[in-house]
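Visitor: just a sequence and a predicted model for now, questions to come.
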Amino acid sequence: MRLGFDLDGTVADLQSALAREAVQLFPEIDPASLPRSAAPDSDREHTPYARSDEVQVERVSISALTSGQQRDLWKTVRSRVNFWETLDEIEPGVLERLYAVASHRRWEIIFLTSRPQTAGYAAQLQSHRWLVAKGFLIPSVFVVHGSRGKIAEALALDMVIDDRPENCLDVAMDSKARAVLVWRDEEGKVPSSARQLGIGSVSSIANCLDILESIGRGDAEGDGVVERLKRRLGLKPQAGEPPKQIPPQPLLAHASGFDRRR
């Protein structure tokens, strides 16, 4: 199985790193209001909806900073040498666990990020070094710009795990991959549009791995683990149902409390 994992806000604690920088620049700002993940220099940060073509989804506010303050913050971040190597894991030890599970299950993992360049090494190399330092050996890192869905389709990913609802929307709309939203806030605040589009949610990466491991346990004679995982997670359409003509079925419903009602 081919899995795509976002970095910032999903496994990397960007919020704390930005908070450290922001409190120096803007002492009056509440650090808790800063984004868990961000895509600087993106027009989508200034629009009320993540998409406006087929489905409109209200964006979740990611920051109390003004546009000018965000520009100043990212200017400072870009000046930091190897800034991306200074981040902590959100869930300590989860990358080491992910590496062990992926190696045992023979999953292919690709890390996706829209990180901008900073002083020091290239963002891709910083991300690679950070992942290795946290226990995920020999990572594949893809610095991307644009629709995560189109990228997921081009890379033939089966699943994308991301903390941003708009990225999950892109995956649901532009690819056959299953989107999984990592939602660490209150369950009741999960965007209703995510449920409508069949985007499942998990409370943590550890929670996601627990579910995937439990589904993959045991061997069925004549039936590969990967194929059984795909069917159980809804990664294959039902017979006679083209994947692009029906909304995806909710994934990991028992983990998020989602039901199957549209």
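Guide: Structure received. Numbers count the residues shown, from 1 in each chain.
Visitor: just after the helix or strand where Arg71 lies, pick out the following helix or strand.
Guide: Per DSSP states H and E, Arg71 falls inside helix 67-79. Proceeding N to C from helix 67-79, the next assigned helix or strand is helix 94-105, under DSSP H and E.
Visitor: put the alpha carbons of that next one into CSV.
Guide: Listed next in CSV are the C-alpha coordinates belonging to helix 94-105 (Å, rounded to 0.1, in the frame of the first residue of the first chain):
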residue,chain,number,x,y,z
VAL,A,94,5.4,8.0,16.3
LEU,A,95,7.8,8.3,13.3
GLU,A,96,10.0,5.5,14.6
ARG,A,97,6.8,3.4,15.1
LEU,A,98,5.6,4.4,11.6
TYR,A,99,8.9,3.3,10.1
ALA,A,100,8.8,-0.1,11.9
VAL,A,101,5.2,-0.8,10.9
ALA,A,102,5.7,0.3,7.3
SER,A,103,8.8,-1.9,7.0
HIS,A,104,7.0,-4.9,8.5
ARG,A,105,3.9,-4.4,6.4
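Visitor: who are the packing partners of it?
Guide: Applying 3 or more C-beta pairs under 8 Å, 6 or more residues apart in numbering; DSSP states H and E, one finds that helix 94-105 makes contact with strand 108-113, helix 205-216. C-beta coordinates here come from the backbone N, C-alpha and C atoms, glycine included.
Visitor: show me what counts as buried in the last one.
Guide: Across helix 205-216, burial judged by 16 or more other C-beta atoms under 10 Å covers Ile205, Asn207, Cys208, Leu209, Ile211, Leu212, Gly216.
Visitor: pretty sure the first one sits against Ile161.
Guide: Yes - in this structure, Ile205 is within contact of Ile161 by C-beta atoms under 8 Å, at 7.2 Å.
Visitor: quickly list what's touching both of those two.
Guide: The contact sets of Ile205 and Ile161 overlap at Thr10, Val182 (C-beta atoms under 8 Å, 6 or more residues apart in numbering).
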